[in-house]
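Trainee: have a look; sequence and predicted model below, questions after that.
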Amino acid sequence: MLRALLLCAILVFPMVTLIVPNAESVIYGLLVLYGLGSGWGQGAWRALDRHERWVALAWMGMFGVAYVSFLLGKDTRLGFHILGRDLRWAVFVPVYLAVRRLRPSARLLKWAFFLGAAAAGSVAIVAVAERGWNYRPRGVVGVPIVFGDLALLAGFLAAPFFVADRNLARPLRVFGAGCAIVLGLVASVLSQSRGGWLAIPALVALLAYAWLPKRRLKSALFAGGALAAVFLVLVGLTPVGVRIEHAVTDVTSAIEARADRSGVLGCMDSRHYLSGLAQALTVVSAREAVAIHVVSARNALAAAGWGSRCRGGYAIALDNASRKETARIAIPQLEPVGEATWPIEMLVRGRGILSAGFGPKAIRRFRDGSFAPVWVALNNPGVRPAIELPPKSRLLAIPIQLYPGQFSDYPLLTSLGLRLDMWRAAFRMFLEHPLLGVGTGAYRDTAAGWTRTGYLIENAAGYEHAHQDLLNMLANEGILGLLVLLAIYGLPLVGFRRAVQSSDPERSAYGLAGGLLVVGMVIGGLTETLFIHSAVITWYTLIVAILYAGAQVKHPAS
């Protein structure tokens, strides 16, 4: 009776993790108790083979390094809270003993992962239908990226078990695997989690490598083309296309702008910088009529007496072709920390309005045939300064940086830009504390101190992690933490690789699913700190235990 209950809990685990609050913790706790009661004290450690012991040591090492780093590093309340989450790593052995004793079958896992992908896809569709395309579904995990990544993995993990099920006709096996992948893909796409999409080509390549011999290249191309078509359809029907466009703009802006962190003030008139800024400008009105270019203005600057101060010699040209509508173009800029009001200055040539909200100092009209400075003061946080351009007119503009980072750091205000700044900060923390990092959970407090010196923008210090698993581990727990993290990726992968090569289709399915899991988690962790979330630690630990146990021997049907 107890065994049947626990197998049912495993069956619903991938599903309830995403849609039922705290359900994964309850199931995890039951398996810990079952493992302690049924296998502990009966030579449990001796019953594990050498590879299983290494995997278990890696999991216990995740908690051990976190604990030592917490004791020796910066003491924070957040660190103590994170240490509580990390306790889930320490109980891997009883969880593993529990699933090895329960022996969930490949057929049970097939439906477990399928139900997880189906539930996530359904929840995502309903949420978007109710709240609109701009809403990002997040399930009960509360973070769209985590929801999308786990849903995507659930869909792909179901596929090997469908294909290995010899009780189904081949068309049904392929259809079931395809449905599971599409359902996970739908949830991932609707969550708009761009970092998780990076894993899709790698997961598809792993499946193709495992299933399709060279002589079936046509089948591989057909399957890949079909999946690409599904993704393109979703791009056209959902905000995915916009998210991809924003990502391209963020990357290009960060590269082209070459943000100057040295505190240089004055004209921001280099061609590379203005090329990036031009892409980051937001045309609020008369969008179809506005053209934005970067042009040489060296002669005009020299004629106006600005040639020696603006040595780059380039300006942004704003053209409004509309005959009736005034164009409004918003300009990104960084607000200084701790200031109630702050100045904004532009060097302009032409006719228009520089606006920074409301008030006597916030709006300035200008009309000049040569370059002249225009100054306003902004006193409303969150309001972007803007240039208003009359119909059928042209304006040349150059931003003048009045305080460090005002305009040069604008690429860091995007989601990608913030990540770049956080990654830079995390690597500096590692360089200053290479062995054990600044301390478990001490990233946020350390980063907050650096905003006061201007090294970091304030927005980048508001998070409790660095939005990247590898760098977050380096920052908080140093090189020892990174080695343990690599171990929980790499050691199970060794066992999964051996299982994939097995002639037993079920054992091979366990190995292939395990490989998909590890690769997906590694890639997902490149743009998000997945292991800062207790649900992800629980999910990864239990799924690895199940798949690794199944990869060792063939399980009888349950």
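Mentor: Great, that's in hand. Keep in mind that what you see is a predicted model, and the values were worked out from it rather than measured.
Trainee: average model confidence for the helix or strand hosting Leu203?
Mentor: Per DSSP states H and E: Leu203 is located in helix 199-211. The predicted model gives helix 199-211 an average pLDDT of 84.
Trainee: list the buried residues for it?
Mentor: Using 16 or more other CB atoms under 10 Å as the test for burial, helix 199-211 gives 199-200, 203-204, 206-208, 210-211. The C-beta positions use only the backbone N, C-alpha and C, and glycine is treated the same way.
Trainee: which secondary structure elements does it contact?
Mentor: Secondary-structure packing of helix 199-211 (3 or more CB pairs under 8 Å, 6 or more residues apart in numbering; DSSP states H and E): helix 144-164, helix 217-237, helix 505-524.
Trainee: list the buried ones in the shortest one?
Mentor: It refers to helix 505-524. Residues 506-524 are the ones in helix 505-524 that count as buried (16+ other CB under 10 Å).
Trainee: am I right that Arg349 is in a helix?
Mentor: No. Counting by DSSP: H, G, I helix; E, B strand; the rest coil, Arg349 is located in no helix; its state is strand.
Trainee: that one: how many residues sit nearby?
Mentor: 22 (other CB atoms under 10 Å).
Trainee: numbering from 24 from now on, please.
Mentor: Fine by me, first position is 24 from now on; the one you just mentioned is Arg372.
Trainee: isn't it right next to Phe394, touching?
Mentor: Yes. Counting by CB atoms under 8 Å, Phe394 is a contact partner of Arg372 at 4.7 Å.
Trainee: and Val149, how many neighbours?
Mentor: Residues near Val149, counting by other CB under 10 Å, number 11.
Trainee: re the thing from before, overlap of the contact sets of Arg372 and Phe394?
Mentor: Jointly contacting Arg372 and Phe394 under the rule CB atoms under 8 Å, 6 or more residues apart in numbering are 320, 323, 327, 419.
Trainee: filter those residues down to the ones in strands?
Mentor: In strands, judged by DSSP state E, the following of the shared contacts of Arg372 and Phe394 are found: Leu419.
Trainee: out of the shared contacts of Arg372 and Phe394, who's the most crowded?
Mentor: Highest count within the shared contacts of Arg372 and Phe394 by other CB under 10 Å belongs to Ala320, 26 neighbours.
Trainee: which strand residues bridge Val371?
Mentor: Ala395, Ala420 (DSSP bridges).
Trainee: what about the strands in this protein?
Mentor: Using DSSP E, strands in the chain cover 289-290, 305-308, 313-319, 337-343, 350-353, 365-378, 386-401, 409-412, 416-424.
Trainee: in the stretch 274-423 of the chain, where is pLDDT below threshold?
Mentor: Residues of the stretch 274-423 of the chain meeting the criterion pLDDT under 70: 274-287, 360-361, 404-405.
Trainee: and if we set it to 50?
Mentor: Residue ranges of the stretch 274-423 of the chain with pLDDT under 50: 280-285.
Trainee: got it, and the chain?
Mentor: Checking the chain against pLDDT under 50 turns up 238, 280-285, 578-581.
Trainee: quick one, longest helix in this structure?
Mentor: Ranked by residue count and defined by DSSP state H, the top helix of the chain is helix 492-523.
Trainee: so for it, what gets flagged as buried?
Mentor: Across helix 492-523, burial judged by 16+ other CB under 10 Å covers 492-501, 503-505, 507-508, 510-512, 514-516, 518-519, 522-523.
Trainee: if we can go back for a sec, nearest to Val39, of the strands of the chain?
Mentor: Val39 lies closest, by CB to CB, to one member of the strands of the chain: strand 305-308, at 41.4 Å.
Trainee: who are the packing partners of the closest one?
Mentor: Using 3+ CB pairs under 8 Å, 6+ apart, strand 305-308 is in contact with strand 350-353.
Trainee: who's in contact with the strand it packs on?
Mentor: For strand 350-353, using CB under 8 Å, 6+ apart, the contacting residues are 304-309, 312-313, 315, 341, 343, 407-412.
Trainee: how does it look with 10 Å?
Mentor: Strand 350-353 is touched from outside by 303-310, 312-315, 339, 341-344, 375-376, 378, 406-414, 416, 418, 420, with contacts defined as CB atoms under 10 Å, 6 or more residues apart in numbering.
Trainee: what's the answer for stretch 314-321, then?
Mentor: Taking CB under 10 Å, 6+ apart as the rule, stretch 314-321 contacts 279, 292-302, 304, 306, 326-327, 329-330, 333-344, 350, 352, 370, 372, 394, 417, 419-421.
Trainee: would you list the buried entries among those?
Mentor: Counted by 16+ other CB under 10 Å, those give 279, 292-293, 296-302, 304, 306, 327, 329-330, 333, 335-341, 343, 350, 352, 370, 372, 394, 419-421 as buried.
Trainee: all helices for the stretch 24-173 of the chain, in order.
Mentor: Under the criterion DSSP state H, counting those that start in this stretch, the stretch 24-173 of the chain contains helices at 25-42, 46-61, 67-70, 73-95, 100-113, 115-125, 129-154, 167-187.
Trainee: which one of those helices is the most hemmed in?
Mentor: Across those, averaging neighbours per residue (mean count of other CB atoms under 10 Å) puts helix 167-187 on top, at a mean of 28.
Trainee: that helix vs helix 129-154, what angle?
Mentor: On the basis of axes from the mean of the first three to the mean of the last three CA atoms, to 10 degrees, helix 167-187 is oriented at 140 degrees to helix 129-154.
Trainee: against which helices or strands is helix 167-187 packed?
Mentor: If contacts are counted by 3 or more CB pairs under 10 Å, 6 or more residues apart in numbering; DSSP states H and E, helix 167-187 sits against helix 25-42, helix 129-154, helix 193-214, helix 217-220, helix 222-234, helix 528-547, helix 557-575.
Trainee: of all the ones you listed, which one comes closest to Leu479?
Mentor: Comparing the helices and strands packed on helix 167-187 under CB to CB, the one sitting nearest is helix 217-220, at 21.4 Å.
Trainee: show me what that closest one is packed against.
Mentor: Other helices and strands packing on helix 217-220, by 3+ CB pairs under 10 Å, 6+ apart, are helix 167-187, helix 193-214, helix 263-280, helix 438-455, helix 528-547.
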